[in-house]
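Student: Okay, predicted coordinates and the sequence, questions at the end:
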Amino acid sequence: MNQIASKTARERLEQTRKRIDAACRDADRPAGAVRLLAVSKRKPVEAIRELHALGQRAFGENYVDEGVEKIAALGDLDLEWHYIGPIQSNKTKLIAAHFDWVESIDRAKIVRRLDDQRPDGLAPLNVLIQVNLDDESQKAGCAPEEIAELADRIADAEHLKLRGLMAIPAPREDHEEQRAAFAKLRELFDQLKERHPQVDTISAGMTGDLEAAILEGSTEIRIGTALFGPRD
Ligand SMILES: *Cc1c(COP(=O)(O)O)cnc(C)c1O
């Protein structure tokens, strides 16, 4: 049983890496230009151990309490943990204390709290500003017009390191329409980079649209289902 499960994880990871490599070739970008973030929400720690044994290092979690529990349980492994879910202000202390990256910053209050609450002695928290590209009311993320001011605040924060932008565009079937959404994000990133030249990360692209995202310059794709199988 266990052996079958291991084989499946290996195959899923290989398949995903192949898709990323092929997309990098099509985009004339070097292999390794794109980080694979394994989104492990609602998946058990054993599944994370399995992927780690196959060489995967970066994992993303959407729920704070669940993420913190897994980080503690897997403290013996060298993993990089990204918080990618919506942020409630009563959870910032836990996020600041346990994660390496936060990809979903969308308001000034959260910037202030994470900066105040990042423990001394830990490296600065790497942060991305989440942008709500399609003006969807149910989704987190700031409006494109709000990026500049948030970025300035993050750049001034002693315990935070501004790394770039994250977005979850509305799902689209058509490849060209997918590309257009990621191209818009790339434009916003280029504007941000003029003011903050150190930014280096665009987190965009999931199972259904990673090729389009990579063609438009994404540097990190976030994959759950294709790596772990469907969630309950
Ligand atoms: C769940 C999730 C993913 C992964 O989604 P899959 O469809 O399982 O690949 C990526 N990004 C965010 C922000 C998510 O919440």
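Tutor: Thanks, I have the structure now.
Student: what does this structure have sitting close to the ligand?
Tutor: Within reach of the ligand by Cβ under 6 Å from any ligand atom, the chain has these residues: 39, 41, 62, 84, 168, 206-207, 222-226. Where you see a C-beta, it was placed from the backbone N, CA and C, and this is true even at glycine.
Student: go again using 8 Å as the cut-off
Tutor: 37, 39, 41, 60, 62, 84-85, 103-104, 166, 168, 206-208, 222-228, 231 (Cβ under 8 Å from any ligand atom).
Student: buried subset of these?
Tutor: Among those, those scoring as buried are 37, 39, 41, 60, 62, 84-85, 103-104, 166, 168, 206, 222-224, 226-228 (criterion: 16 or more other Cβ atoms under 10 Å).
Student: buried ones in the least confident helix or strand in the chain by mean pLDDT?
Tutor: When the helices and strands of the chain are scored by mean pLDDT, DSSP states H and E, helix 2-26 comes last with a mean of 86. For helix 2-26, a neighbour-count test (16+ other Cβ under 10 Å) marks 9, 12-13, 16-17, 19-20, 23-24 as buried.
Student: Now the element after that helix, going C-ward?
Tutor: Sequence order places strand 35-39 as the next helix or strand after helix 2-26, per DSSP states H and E.
Student: what does that next one contact?
Tutor: Here strand 35-39 makes contact (Cβ atoms under 8 Å, 6 or more residues apart in numbering) with 16-17, 20, 48, 51, 56, 58-62, 82, 84, 203, 219-224, 227-228.
Student: Among these, name the ones in strands.
Tutor: 58-61, 82, 203, 220-223 (DSSP state E).
Student: Just the endpoints, please. Distance across stretch 23-41?
Tutor: 25 Å (Cα to Cα, to the nearest Å).
Student: Angles on the backbone of residue 167, please.
Tutor: phi -150, psi 150 (degrees, to the nearest 10).
Student: let me fix that: residue 214
Tutor: phi -70, psi -40.
Student: Contact partners for it?
Tutor: Going by Cβ under 8 Å, 6+ apart, residue 214 touches 20, 23-24, 26-27, 29, 34, 205, 221.
Student: Farthest pair within those?
Tutor: 26 and 221 (14.3 Å; Cβ to Cβ).
Student: Run through the bridge partners of residue 125.
Tutor: Counting by DSSP bridges, residue 125 is bridged to residue 160.
Student: So it is in contact with residue 98, correct?
Tutor: No. Taking contacts as Cβ atoms under 8 Å, residue 125 lies outside contact range of residue 98: 10.2 Å.
Student: Against residue 157, how distant is the closest residue to the ligand within the chain?
Tutor: The ligand sits closest to residue 224 of the chain, with a gap of 2.5 Å, by Cβ to the nearest ligand atom. Distance of residue 224 to residue 157, computed by Cβ to Cβ, to the nearest Å: 30 Å.
Student: Residue 170 now?
Tutor: Residue 170 sits 31 Å away from residue 157 when distances are taken as Cβ to Cβ.
Student: neighbour-wise, which of these two wins?
Tutor: The neighbour count for residue 170 versus residue 157, taken as other Cβ atoms under 10 Å, is higher for residue 157 (19 against 12).
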